[in-house]
Structure formats: structure tokens, C-alpha cells
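**Student:** Below are the sequence and a predicted model for it; my questions follow.
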Amino acid sequence: MNAMVDRFGRTGFAALSSLIWAVPMAAWAGSADLSPVDKTAYPWIALGIGLVMLAVWIVLLTRLGRIPVSTRQRRFDIGQMSLPERIWILAGAAFATGLIAWLNAAATVDWGPLGTAVGAGKAGPMVLAVALAAFLLVMLIGAWFSWRKATAAFRTRTGTP
């Protein structure tokens with residue numbers, strides 16, 4: 001754990017380790033929509049695991065300040081980031097969140113009626129389908145562009161080419 005904190009910095013380690021509770025919570029959120037359909041209790045198991053792992057993560061974070069780290073430039077250390085770097089990282093996180101939301105919707109919604117309506121040539125469903133495709137495209141391009149700008153800001157901060 002000390003090596004990971006030294007490599008990623010405290011902020012980067014906290015963000016990376018948040019996956020221990022975020023993944024079970026995402027599984028719960030995705031399967032909770034489907035549970036009334038198939039009458040299972042499995043979403044509650046994922047919620048329970050997620051809540052336990054959230055408690056573990058909080059305990060982990062309380063101990064994070066005691067771990068010594070070497071002084072060097074790190075990519076995801078908020079205290080070291082320049083303002084443009086913070087802005088682009090935040091923009092990238094927003095676009096990535098939008099992309100994850102789109103994927104969650106795509107995985108949990110029955111798209112059959114929309115496909116049938118688009119196939120029948122109805123204007124409203126066609127507009128919705130185009131809007132959903134445009135949203136996906138904007139989220140992908142936005143995440144890619146933000147990452148490139150954040151990388152450029154990091155290189156400017158560290159003086160690397």
C-alpha cells in the first residue's frame with residue numbers, strides 16, 4: 001500500500017481505491033432497475049457489499065495521511081496541480097461520468113420499442129435516437145479532448161515535452 005501511495009500520491013491513491021466501493025454500488029444501481037422484473041434479491045447483496053466496502057474505504061482514507069510520500073511531481077496530486085490542469089481533469093471527469101451514465105442506460109433499458117418506432121419512421125423516436133447518439137459522441141470526444149488538455153497542462157507543469 002505504501003508503494004502505491006508513493007507512486008500515485010495521496011489523491012490518486014484515494015481515487016483509485018474508491019473503485020472498491022464504487023463498482024459494487026454501480027452493480028447495485030444497475031441491477032436494482034431489473035429486480036422488480038425478475039423478482040430477485042440480488043441487488044440488495046450488491047448494495048450490502050458496496051456499503052461494507054465504503055466503510056473499509058473510509059477507514060483506509062483516515063490512515064492515508066500517515067503514510068510518507070517522497071517529494072516529486074505527481075500527475076493526480078491536487079495540491080500540485082495547476083489551475084488549467086484541475087479544470088481539464090474536472091471536465092474529463094464530467095464527460096466520463098456522462099459516458100458511464102449513457103452506458104448504464106444502454107445496459108438497463110429495453111430498446112426494443114425505440115427500434116420498432118424508428119423502423120416505423122416516427123419522428124419523435126428518431127429525434128430521440130439521434131439525440132442519444134449525439135450525446136454519446138459528445139461524451140467520447142469530450143473525454144478524449146479533456147484528457148489531452150489535462151496531459152498538456154501536466155507536461156507544462158512538470159516541464160516535460
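**Tutor:** Nice, I can see it.

**Student:** Residue 153: neighbour count?
**Tutor:** Residue 153 has 19 neighbours, counted by other CB atoms under 10 Å. All C-beta atoms are positioned from the backbone trio N, CA, C, and that covers glycine.

**Student:** For it, which non-adjacent residue is spatially closest?
**Tutor:** The shortest distance from residue 153 to any residue other than its chain neighbours is 3.8 Å, reached at residue 85 (CB to CB, 6 or more residues apart in numbering).

**Student:** List the buried residues in the host helix or strand of that neighbour.
**Tutor:** Residue 85 is part of helix 83-108 when elements are defined by DSSP states H and E. Using 16 or more other CB atoms under 10 Å as the test for burial, helix 83-108 gives 85, 88, 89, 91, 92, 95, 96, 98, 99, 102.

**Student:** Let's have those residues in a markdown table, adding pLDDT and distance to residue 49.
**Tutor:** Output for these, formatted as a markdown table (pLDDT from 0 to 100; distance: CB to CB, whole Å):
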| residue | pLDDT | distance to residue 49 |
| --- | --- | --- |
| 85 | 91 | 34 |
| 88 | 95 | 34 |
| 89 | 90 | 29 |
| 91 | 95 | 32 |
| 92 | 93 | 28 |
| 95 | 95 | 28 |
| 96 | 92 | 23 |
| 98 | 92 | 26 |
| 99 | 91 | 24 |
| 102 | 89 | 25 |
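
**Student:** Let me have those in a markdown table, extended by distance to residue 115.
**Tutor:** A markdown table is the format used below for those (distance: CB to CB, whole Å):
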| residue | distance to residue 115 |
| --- | --- |
| 85 | 42 |
| 88 | 37 |
| 89 | 37 |
| 91 | 33 |
| 92 | 32 |
| 95 | 27 |
| 96 | 27 |
| 98 | 23 |
| 99 | 22 |
| 102 | 17 |
